[in-house]
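Trainee: I need the structure of the sequence given here:
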Amino acid sequence: MSDLETDFTGAVKAVSALGADPGNDVKLRLYALYKQATIGNVDGKRPGFTNPVGRAKHDAWASVSGMSSGEAKRAYVDLAAELTP
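Mentor: Next up is the predicted model:
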């Protein structure tokens with residue numbers, strides 16, 4: 001496993017163990033980076049206005065479309081480092 005993979009796995013665990021809520025904006029950014037790192041670009045239709053949570057997640061993920069898996073993992077690790085002691 002590469003250093004980036006190890007860092008990413010550790011960051012995912014650290015974020016899961018956060019005691020304080022980092023807020024919706026940060027959670028959406030983490031979600032988007034995680035999905036981009038593990039799956040790739042978002043596909044499918046944007047959820048409708050009756051599904052605001054799904055719509056926000058889709059929009060966040062779409063905002064990092066085109067970012068490589070490695071770039072997304074590095075950005076996730078960097079953001080997680082800001083949140084953890």
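Trainee: when you work out contacts or count neighbours from here on, use the C-alpha atoms and nothing else.
Mentor: Will do.
Trainee: how much space between the residue of the chain lying at maximal distance from its centre and residue 62?
Mentor: Ranked by distance from the centre of the chain (CA atoms, centre = their mean), the top residue is residue 50, with 23.2 Å. Distance, residue 50 to residue 62, by CA to CA, to the nearest Å: 19 Å.
Trainee: for stretch 64-82, buried residues please.
Mentor: 64, 65, 69, 71, 72, 73, 74, 75, 76, 77, 79, 80 (16 or more other CA atoms under 10 Å).
Trainee: ditto for stretch 19-33
Mentor: Buried residues in stretch 19-33 (16+ other CA under 10 Å): 28, 29, 30, 31, 32, 33.
Trainee: outside of that stretch, which residues touch it?
Mentor: 56-57, 60-64, 72-73, 75-76, 79, 83 (CA atoms under 8 Å, 6 or more residues apart in numbering).
Trainee: these into TSV, with extra columns for distance to residue 39 and secondary structure?
Mentor: Output for these, formatted as TSV (distance: CA to CA, whole Å; DSSP: H, G, I helix; E, B strand; the rest coil):
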residue	distance to residue 39	secondary structure
56	18	helix
57	14	helix
60	14	helix
61	11	helix
62	12	helix
63	14	coil
64	12	coil
72	11	helix
73	11	helix
75	15	helix
76	14	helix
79	19	helix
83	23	helix
